[in-house]
Structures are given as structure tokens and as C-alpha cells.
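A.B. asks: Any chance you can model this:
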Amino acid sequence: MQVVSFDPRYLDWVLDGTKTRTTRYADPVELGSARLRFESSPPVWVDAVITDIRDVALADLSDEDATAENFTDSGALRDALRYHYPGLPEAAAVAVVTFELI
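C.D. replies: Predicted coordinates for the structure are as follows:
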């Protein structure tokens, strides 16, 4: 089963349903069953299903994409991506991944 890793700061958002997407750069994800791994000590595991994957240019991320990740707008989402992926190219293509908890 695929494992999708998350920063532990997003655990509460995922558990309360305010984060139902994750945006990935050069981090392959497939449709189907997944275990979400929150990189705390000890790690926290949550079972989920990846229901949709959409490739999009970084610049084309929408406010709706950001809201589904519990960010205020697309600028805040892009800032978070730059934090998680230092050196993220402005012309990057990213994968917007929708998931549901089991």
C-alpha cells in the first residue's frame, strides 16, 4: 500500500476534515488506498483513499485548491509549497491530490 507523508502540523486539519487535498511536487501518488504518515515522533498513521489527482502549473493553483487544504488563498498555498519544497521552480507542475479518510 502506498504511503503519503505529511508534516505533523497538518494532522488536526486532516482529522477534522478541513484538509482534503495535498499538493505534491516530484512526489508520485497513485489513485487508490493509501496510508497517510504524519512525521511526528512517534509517527501517526491514518488510512485513506486517493480519489483524484490533477496535474496543474504552480501558478495556476486556485483559491479553491487552497481552501481544500485549509489555506486562506492560493498565495498562502504556494508559500507553504515553497517551504516544503525549497527551490521549487516558478514553472513547476504540481499534483493536486484529493483524498478521503477511511
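
A.B. asks: Mind telling me what element the residue positioned nearest the centre of the chain is part of?
C.D. replies: Nearest residue to the geometric centre of the chain (Cα atoms, centre = their mean): residue 22, 1.5 Å. According to DSSP states H and E, residue 22 maps onto strand 21-24.

A.B. asks: following that strand, which helix or strand shows up next?
C.D. replies: Counting by DSSP H and E, what follows strand 21-24 is strand 32-38.

A.B. asks: Remind me what that next one packs against, helices and strands.
C.D. replies: Under the contact definition 3 or more Cβ pairs under 8 Å, 6 or more residues apart in numbering; DSSP states H and E, strand 32-38 sits against strand 2-6, helix 11-15, strand 44-57. C-beta: built from backbone N, CA, C; applies to glycine.

A.B. asks: Determine which of the ones you listed approaches residue 64 most closely.
C.D. replies: strand 44-57 (11.5 Å; Cβ to Cβ).

A.B. asks: what angle separates that closest one from strand 32-38?
C.D. replies: Interaxial angle, strand 44-57 versus strand 32-38 (axes from the mean of the first three to the mean of the last three Cα atoms, to 10 degrees): 110 degrees.
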